[in-house]
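Engineer: Could you look at this predicted model? Sequence included:
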Amino acid sequence: SQTIHQWPATLVQPVGSPLSLECTVEGTSNPNLYWYRQAAGRGLQLLFYSVGIGQISSEVPQNLSASRPQDRQFILSSKKLLLSDSGFYLCAWSNRGVNGYTFGSGTRLTVV
Amino acid sequence: KQEVTQIPAALSVPEGENLVLNCSFTDSAIYNLQWFRQDPGKGLTSLLLIQSSQREQTSGRLNASLDKSSGRSTLYIAASQPGDSATYLCAVSGRSGGGADGLTFGKGTHLIIQP
């Protein structure tokens, strides 16, 4: 069966520090991968998606970037965090959307 | 641009009641529609997936319907229990790219079932 892992679960970082969140999927190959953010009082916003290694599409211009160095690994990064980057970050995967989308357990990021 | 609206934003009912959560979307050209549950501070748990060619899906006490032409879906919860308390999210995937370009979410319905 397929599983999706996200880490860390919580993170407190000072303004201006770098960020790296990692997501990995097991039990499938060539998945579509996604990063979403859920800010307090707001809905889920798609940040990036990837249909293959090295292929990244950005939905919203922002202080963040994403990379896919391996087939089942998706990384969300920032060189310098802003207060507005605080939120709940969720990774997800799908098989071209055919069987729906499966989400990880999320990372709570607080920038102080 | 696809927009998803969920009504009501919050709902509090006594245990045992049947209830309906509503979802509407502006672009009927969807690939599929998915209902999720989110507990506080947790990730999303998929409840039901409805393909664009389907009218409804059922799982236990849950039933979701889809009327693509009118841009509406409902989630019906029968015999509600306190454990059903959570935020329920409706999301649709776009037809272009075969749903590969991700989900558009509503803001959710925060449901409280009173014991």
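Structural biologist: Alright, I've got the coordinates.

Engineer: For A:Ser57, list each beta-bridge partner.
Structural biologist: Counting by DSSP bridges, A:Ser57 is bridged to A:Tyr49.

Engineer: State the number of residues packed around it.
Structural biologist: 15 (other Cβ atoms under 10 Å in any protein chain shown). Where C-beta positions appear, they are placed from N, C-alpha and C, glycine not excepted.

Engineer: Verify the contact between it and A:Ala66 for me.
Structural biologist: No: here A:Ser57 lies out of contact with A:Ala66, judged by Cβ atoms under 8 Å, at a distance of 9.0 Å.

Engineer: Spit out the residues that contact the two alike.
Structural biologist: A:Phe48, A:Ser50 (Cβ atoms under 8 Å, 6 or more residues apart in numbering or on different chains).

Engineer: Where does the residue most central in space within chain A sit: helix, strand or coil?
Structural biologist: Computing the C-alpha centroid of chain A and ranking residues by Cα atoms, centre = their mean puts A:Trp35 first, at 3.1 Å. In three-state terms, and counting by DSSP: H, G, I helix; E, B strand; the rest coil, A:Trp35 is strand.

Engineer: Low-confidence regions, chain B specifically.
Structural biologist: Across chain B, residues meeting the criterion (pLDDT under 70) sit at B:97-99.

Engineer: Show me which residues of it sit near chain A.
Structural biologist: Residues of chain B that fall close to chain A, judged by Cβ under 8 Å from any Cβ of the partner chain: B:31-32, B:34, B:36, B:41-46, B:49, B:89, B:91, B:93, B:98-108.

Engineer: again, 7 Å this time
Structural biologist: Applying Cβ under 7 Å from any Cβ of the partner chain, we find that chain B lies next to chain A at B:31-32, B:34, B:42-44, B:46, B:49, B:93, B:98-103, B:105-107.

Engineer: the strands in chain B, which residues?
Structural biologist: B:4-7, B:10-14, B:19-25, B:30-38, B:44-51, B:56-59, B:62-67, B:72-77, B:86-94, B:103-105, B:109-114 (DSSP state E).

Engineer: So what are the sheet partners of the fifth one and their directions?
Structural biologist: In the sheet, strand B:44-51 lines up against strand B:30-38 (antiparallel) (DSSP bridges).

Engineer: angle of the strand it pairs with against strand B:86-94?
Structural biologist: 160 degrees (axes from the mean of the first three to the mean of the last three Cα atoms, to 10 degrees).

Engineer: Work out the gap between strand B:30-38 and the centre of the chain.
Structural biologist: 6 Å (Cα atoms, centre = their mean, to the nearest Å).

Engineer: contact partners of it?
Structural biologist: With contacts defined as Cβ atoms under 7 Å, 6 or more residues apart in numbering or on different chains, strand B:30-38 is touched by A:97, A:100-101, B:44-52, B:64, B:66, B:68, B:73, B:75, B:86-95, B:98-99, B:103.

Engineer: Report the angle between that strand and strand B:109-114.
Structural biologist: Interaxial angle, strand B:30-38 versus strand B:109-114 (the same axes, to 10 degrees): 40 degrees.

Engineer: Now strand B:30-38: buried residues?
Structural biologist: Using 16 or more other Cβ atoms under 10 Å in any protein chain shown as the test for burial, strand B:30-38 gives B:Ile30, B:Tyr31, B:Asn32, B:Leu33, B:Gln34, B:Trp35, B:Phe36, B:Arg37, B:Gln38.

Engineer: Understood, closing this out.
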